[in-house]
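A.B. asks: Please find the sequence and the predicted model below.
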Amino acid sequence: MGVLALLAGAWWHRHGRDPARRVPAIAAGAVVLLLFVSPLCALGSALFTARVVHHVLLATLLAPLLVAAFDVRRVPGSLAAWTAVQALVFWAWHLPAAYSAALSSDGVFWAMQLSITASAALWWARVLRAEAGAAVLSLLATMVQMGLLGAILTFAGRAYYAPHWLTTQPWGLSPMEDQQIAGIIMWAPASAVYLLCALAILHRSFTAEPAR
């Protein structure tokens, strides 16, 4: 939370009087409270489903709000490189060993949260300022990799995540059912976010062309 307070202070120093930045900053603050102060964060210790919702919101909601709040414009590296980086970070933290390490250590946990958010934010910054075709391809590639990870979790033959082997029963779920629900969330609604953004960019590019 100390890092979040520093980010808030840095934002206020630079953009506190700018109305165009104030709305996304307030929205980002609300998302932070939801993810790290509300019961959702604690629920993520019991249910893998809740943790996946947490991670999806980091990547698809908090990250672009931070880009808007801080007005991130220049990101070194290509869009293709950042598409790969943010996918690799997301997949790496969902490897069973890395995930278990994050839930057993505060330091590793915050490394997971910050790296998922930062890699997604830098990727969004590149997507939002890319040419329409490149942005759409990147969004579709991200949709595919998110859906693939979700499908793997949904159709896995066993429950992968040891931290949840003994925590799901009070919620009426087996560890396998918990993992399957989490996989479906990645596979369908989470992937749909990227598809909708790609369609929005295509629509905007098609409507802008006649105007020019």
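C.D. replies: That came in fine, so what should we check first?

A.B. asks: In this protein, where is pLDDT below threshold?
C.D. replies: The chain contains residues with pLDDT under 70 at 1-18, 208-212.

A.B. asks: how about the residue nearest to the spatial centre of it, phi and psi?
C.D. replies: By CA atoms, centre = their mean, the chain has its centre lying nearest to Ala59, at 1.4 Å. Taking degrees, to the nearest 10, you get phi -80, psi -30 for the backbone angles of Ala59.

A.B. asks: Would you check that it makes contact with Ala120?
C.D. replies: Yes: between Ala59 and Ala120 there is a contact under CB atoms under 8 Å: 4.1 Å. Where C-beta positions appear, they are placed from N, C-alpha and C, glycine not excepted.

A.B. asks: Can you pull the residues that touch both of the two?
C.D. replies: Residues touching both Ala59 and Ala120 (CB atoms under 8 Å, 6 or more residues apart in numbering) are Gln86, Phe90.

A.B. asks: For the host helix or strand of Met143, buried residues please.
C.D. replies: When elements are assigned from DSSP states H and E, Met143 belongs to helix 132-154. By neighbour count with 16 or more other CB atoms under 10 Å, helix 132-154 contains the buried residues 132, 134-139, 141-143, 145-147, 149-150, 153-154.

A.B. asks: Next: stretch 90-109.
C.D. replies: Buried residues in stretch 90-109, defined by neighbour count with 16+ other CB under 10 Å: Phe90, Trp93, His94, Tyr99, Ser100, Ala101, Ala102, Leu103, Val108.

A.B. asks: The first one and Gly29: what is the separation?
C.D. replies: What it means is Phe90. With the distance defined as CB to CB, to the nearest Å, Phe90 ends up 23 Å from Gly29.

A.B. asks: Touching stretch 138-152 from outside, list them.
C.D. replies: Residues outside stretch 138-152 that contact it (CB under 8 Å, 6+ apart): 79-80, 83, 86-87, 90-91, 94, 123, 126-127, 130, 182-188, 190-192, 194-195, 197-198, 201.

A.B. asks: Break down the chain into its helices, ranges please.
C.D. replies: Using DSSP state H, the helices of the chain run over 2-15, 19-36, 39-43, 48-57, 63-70, 79-92, 96-104, 106-128, 132-154, 175-185, 191-211.

A.B. asks: Only C-alpha atoms, please: export the fifth one in CSV.
C.D. replies: Pointing back at helix 63-70 there. C-alpha atoms of helix 63-70 as CSV (Å, rounded to 0.1, in the frame of the first residue of the first chain):
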residue,chain,number,x,y,z
ALA,A,63,-3.9,-0.7,-15.9
PRO,A,64,-5.6,1.4,-18.6
LEU,A,65,-7.0,3.8,-15.9
LEU,A,66,-3.4,4.4,-14.7
VAL,A,67,-2.3,5.1,-18.3
ALA,A,68,-5.0,7.7,-18.6
ALA,A,69,-4.4,9.2,-15.1
PHE,A,70,-0.7,9.6,-15.7
